[in-house]
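Participant: Fold the following.
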Amino acid sequence: MCGRFAVTATPEEVAELFGLLELEGFPERYNIAPTQPILIVMAGEKQKPGSNVPERRALLARWGLIPGWVKDPKEFPLLINARAESAIGKASFRAAMRHRRVLVPASGFYEWHRPPKESGEKSQAYWIRPKRGGIVAFAGLMETWSSADGSEVDTAAILTTSANTAIARIHDRMPVVIEPEDFARWLDCRTQEPREVEDLMRPASDDYFEAIPISDKVNKVINVGPDIQEPVAAVLPEAKSEAKGKKGGGQMSLF
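Facilitator: Numbers count the residues shown, from 1 in each chain. Reported below is the predicted structural model:
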């Protein structure tokens, strides 16, 4: 799954990668948590000048998708992730998969390796970022939920898939990554049916991300500074096993 992530790129860098004509400024965010506003990118209504490709626009959405048919969000589970394997046919995500596919800019995400309780080992948090640096685009879904009084809120979820070999040592799920050359196809909900973009919902290559062990500061949403990404001494589960063997044992704002 993906339960926390970060966006530390500048607005200019985000605008350039996603081809945005306009993007308001925003601060670096090191510990984005569910129900908070997140930046999403979607296809616009207008065409780019001299092209048949739609313009792209950015907006803020609540992280936690609410399908349009939900009457009371308080009685509905918080959907921060959608499983890529079942999103096309699942009632909660079917309409968004067909009509409202989006991209979620990120600098990386956090994941926890949680060993069995009987092992006596503590959970270990990891900051997982692209090895090459820069921005990564997670596949996302968006829904606008309307309340009985007519107010609306844009909501979103991040698609996840089975982890690649490198991430599987930490967790069995990871966010779906959309490469820049596939942005247009993923965002094109007019001509691209969900089944036609199903091939994009695959694990990233094993060498795409690097996992950096960090402290448990990230566990608390009140910790929002860059210090939560500082490395600590730790080893990945497989490496640890090998070592033992050798030894014998309203209007939202990002501010």
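Participant: CA only for contacts and neighbour counts going forward, please
Facilitator: Fine.
Participant: For residue 102, give me its contacts.
Facilitator: 40-43, 139-142, 186-187 (Cα atoms under 8 Å, 6 or more residues apart in numbering).
Participant: ok, 6 Å please
Facilitator: Going by Cα atoms under 6 Å, 6 or more residues apart in numbering, residue 102 touches 41-42, 140-141, 187.
Participant: That one belongs to a strand?
Facilitator: Yes - the assignment for residue 102 is a strand, going by DSSP: H, G, I helix; E, B strand; the rest coil.
Participant: how close does it get to residue 197?
Facilitator: 13 Å (Cα to Cα, to the nearest Å).
Participant: next one: residue 79
Facilitator: Counting by Cα to Cα, the gap from residue 79 to residue 197 is 22 Å.
Participant: Show me which of the two is the more surrounded one.
Facilitator: Applying other Cα atoms under 10 Å to residue 79 and residue 197 shows that residue 79 carries more neighbours, namely 19 against 16.
Participant: Hmm, that one is touching residue 64, no?
Facilitator: Yes - between residue 79 and residue 64 there is a contact under Cα atoms under 6 Å: 4.9 Å.
Participant: Can you add neighbour count, secondary structure and pLDDT and give the contacts of residue 102 back as JSON lines?
Facilitator: Formatted as JSON lines, the contacts of residue 102 follow (neighbours: other Cα atoms under 10 Å; DSSP: H, G, I helix; E, B strand; the rest coil; pLDDT from 0 to 100):
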{"residue": "41", "neighbour count": "26", "secondary structure": "strand", "pLDDT": "98"}
{"residue": "42", "neighbour count": "27", "secondary structure": "strand", "pLDDT": "96"}
{"residue": "140", "neighbour count": "31", "secondary structure": "strand", "pLDDT": "98"}
{"residue": "141", "neighbour count": "29", "secondary structure": "strand", "pLDDT": "98"}
{"residue": "187", "neighbour count": "24", "secondary structure": "helix", "pLDDT": "97"}
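Participant: Residues contacting the helix or strand hosting residue 159, please?
Facilitator: Using DSSP states H and E, residue 159 falls within strand 152-162. Under the contact criterion Cα under 6 Å, 6+ apart, strand 152-162 has outside partners 61-65, 80-84, 139-146, 172-176.
Participant: Pull up the pairing partners for it, direction included.
Facilitator: Using DSSP bridges, strand 152-162 pairs in its sheet with strand 54-63 (parallel), strand 81-83 (parallel), strand 136-146 (antiparallel), strand 173-175 (antiparallel).
Participant: So which of the ones you listed is nearest residue 181?
Facilitator: Ranking the strands paired with strand 152-162 by proximity to residue 181 (Cα to Cα) places strand 136-146 first, at 11.3 Å.
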